[in-house]
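Undergrad: okay, here's the prediction I keep looking at, along with the sequence it came from:
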Amino acid sequence: MKLATEPIGSIPRTPELIAAITAPANGADLRSLYEKAISETISAFEQTGSPVITDGEQTKSSFATYPLEGLTNLSPEGMTINFEDGHSRQLPLITSGPFRYGNFAVKYLKAAQQQTKLPVKQAVISASALSLIYPQGGIEGYSQAEFMTDLLNECEKDIRQCLEQGAYKVQMDFTEGRLSLKLDPSGGVLKHFIDVNNQVFNRFGAADREKLGVHVCPGGDHDSTHSADVDYADFLPQLFNLNVGSFYLQLASEPDHVKVLKTIKQYLKPNQKAFIGVIDVLNPKVETKEEVRDRVLEAAHYIPVDQLGTTDDCGFSPFCDDVSTTRETAFAKIKARVDGTKLAEAQLIHEQQETA
Ligand SMILES: [Zn+2]
């Protein structure tokens, strides 16, 4: 038995890097700062003992907007996502077709692989999130149907390039899944989102889909959430209809773990694996490895061990300018996840031998 453990993706950027990104006019050498950020992040990641790492998304503008970098057919006033603490994030709108990514995730993967021998995981944004950049009023000469065809092709390409480049896993970030139930409690929008993303996943064969995963959470920006008040139990049954092998599920910050675990147990399919969040990324307190162990053992009561893994509840800074968590705290929490998962694994092996 080996309990898998994987990060979600992002690590806070250094104050120096954020200053250079947010005030580029100051003339900092962004390229060399990016290189330094990637190599420092990978080396710190390796020191946590994490068997799978990421580039910490050091050079992504955000988990959602990296494909839009450099595009000239966008206007700023798109959908707004409101967080509990009153702040918001806004998506742009596309103003003309065709829609092509300005930037593909494989670029980040390649840069990271050059710096490490460890397996590297790559996060990509969902087709459903980017579907929101098409304006409700339509675009003359570029229908929504044409846009969706372009979008699905680009999203497929984003994933396929990462698989061909040897990504350990490709994780689609689907934070708007739970949020959609807040905006449309009927579940119609969620069903549509799942259908859109499955149209991408269904373009891959079974072996590739085993390497594909989906991350969901109630949002995690400036230590605040956008949809923690949506009942997970309404969301999970639909979620497991996505045709991928791995699910990275925020859990540590949920008030009622057992209720969520029972729902996972009920709806997780035999060919799917649940990576449960054992690290609360919004809480500055670093978990002890014993706390993590206990969270894993609790989960093992409900989920078969060969379908169980651990992860962090979310990335530590999905948006590049979020400084609510320090890098030191993020890496200490990752180390706690890795060490606690090992402790749980040892105990589970011991229990198996006792019953054998
Ligand atoms: Zn998240």
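TA: In hand now; what should we look at? A quick note: this is a predicted structure, and the numbers were derived from the prediction, not measured.
Undergrad: start to end distance for stretch 219-235?
TA: Counting by Cα to Cα, to the nearest Å, you get 14 Å between the two ends of stretch 219-235.
Undergrad: would you mind pulling the contact partners of it?
TA: In this structure, residues lying in contact with stretch 219-235 by Cβ atoms under 8 Å, 6 or more residues apart in numbering are 81-85, 87, 89, 175, 177-179, 181-182, 187, 190, 216-218, 250, 253-254, 259-260, 263, 281-282, 284, 313-315, 318-319, 322, 324-325. Placement of C-beta: from N, CA and C, glycine included.
Undergrad: next, the buried residues of whichever helix in the chain runs longest.
TA: Using DSSP state H to assign secondary structure, the helix with the most residues in the chain is helix 327-355. With burial defined by 16 or more other Cβ atoms under 10 Å, the residues of helix 327-355 counted as buried are 327, 329-331, 333-345, 348.
Undergrad: please apply the same query to stretch 251-267.
TA: Buried residues in stretch 251-267, defined by neighbour count with 16+ other Cβ under 10 Å: 251, 252, 253, 254, 257, 260, 261, 263, 264, 267.
Undergrad: say whether the ion is contacted by it.
TA: No: with Cβ under 5 Å from the ion as the measure, stretch 251-267 is seen stopping short of the ion, the closest distance being 10.7 Å.
Undergrad: and the contacts of that stretch?
TA: For stretch 251-267, using Cβ under 8 Å, 6+ apart, the contacting residues are 218, 228, 232-233, 236-237, 239-240, 249, 274, 276-283, 287, 295, 298-299, 301-303, 313.
Undergrad: out of those residues, which are inside helices?
TA: Among these, the members that lie in helices (by DSSP H) are 232, 233, 236, 237, 239, 295, 298, 299.
Undergrad: ok, and what's touching the helix or strand harbouring residue 189?
TA: If you go by DSSP states H and E, residue 189 is part of helix 188-201. Around helix 188-201, the neighbours that count as contacts under Cβ under 8 Å, 6+ apart are 126-128, 131, 148, 152, 155-156, 159, 172, 174, 176-177, 180-181, 183-184, 209, 212, 214, 235, 238-239, 241-244.
Undergrad: can you list the residues of the stretch 151-300 of the chain near the ion?
TA: Counting by Cβ under 5 Å from the ion, the residues of the stretch 151-300 of the chain lying close to the ion are residue 217.
Undergrad: residue of the stretch 151-300 of the chain closest to the ion, please.
TA: With Cβ to the ion, the shortest gap between the stretch 151-300 of the chain and the ion falls at residue 217, namely 3.3 Å.
Undergrad: one step back: state the mean pLDDT of the longest helix of the chain.
TA: Per-residue pLDDT values over helix 327-355 give a mean of 94.
Undergrad: pLDDT below threshold where in the chain?
TA: Applying pLDDT under 70 to the chain flags the ranges 1, 26.
Undergrad: which strand runs longest in it?
TA: Identified as the longest strand of the chain according to DSSP state E is strand 273-279.
Undergrad: and it, what does it pack onto?
TA: Other elements packing on strand 273-279 under the criterion 3 or more Cβ pairs under 8 Å, 6 or more residues apart in numbering; DSSP states H and E are strand 4-5, strand 246-249, helix 257-267, helix 289-300, strand 308-312, helix 327-355.
Undergrad: who does the last one touch, helix- and strand-wise?
TA: In terms of contacts (3+ Cβ pairs under 8 Å, 6+ apart), helix 327-355 is packed against strand 4-5, helix 30-47, strand 273-279, helix 289-300, strand 308-312.
Undergrad: nearest to residue 112, of those?
TA: Using Cβ to Cβ as the criterion, the shortest distance between residue 112 and those is 6.3 Å, found for helix 30-47.
Undergrad: list the buried residues for the closest one?
TA: If you call a residue buried by 16+ other Cβ under 10 Å, then helix 30-47 has these buried ones: 33, 34, 37, 38, 39, 40, 41, 42, 44, 45.
Undergrad: pick the one among those closest to residue 54.
TA: Each of those was checked against residue 54 using Cβ to Cβ; the closest is residue 45, at 7.3 Å.
Undergrad: pretty sure that closest one sits against residue 331.
TA: Yes: using Cβ atoms under 8 Å, residue 45 makes contact with residue 331 at a distance of 7.3 Å.
Undergrad: name the residues contacting each of the two.
TA: In terms of Cβ under 8 Å, 6+ apart, residue 45 and residue 331 are both contacted by the residues residue 11.
Undergrad: tell me how many other residues surround the spatially closest residue to residue 333 that is not a sequence neighbour.
TA: Closest residue to residue 333 in three dimensions, ignoring its sequence neighbours and counting by Cβ to Cβ, 6 or more residues apart in numbering: residue 279, at 4.8 Å. Residues near residue 279, counting by other Cβ atoms under 10 Å, number 29.
Undergrad: who does residue 279 bridge with?
TA: Here residue 279 shows beta-bridge partners residue 312, assigned using DSSP bridges.
Undergrad: residue 302 and the ion, how far apart?
TA: When Cβ to the ion, to the nearest Å is applied, the distance between residue 302 and the ion equals 22 Å.
Undergrad: ok, now which ones touch that residue?
TA: Taking Cβ under 8 Å, 6+ apart, we find residue 302 in contact with 258, 261, 262, 264, 265.
Undergrad: so where do the helices sit in the stretch 1-150 of the chain?
TA: Counting by DSSP state H, counting those that start in this stretch, the stretch 1-150 of the chain has these helices, from start to end: 15-22, 30-47, 106-113, 127-130, 144-164.
Undergrad: between those, which one is nearest to residue 99?
TA: In terms of Cβ to Cβ, the element of the helices of the stretch 1-150 of the chain nearest to residue 99 is helix 144-164, at 4.2 Å.
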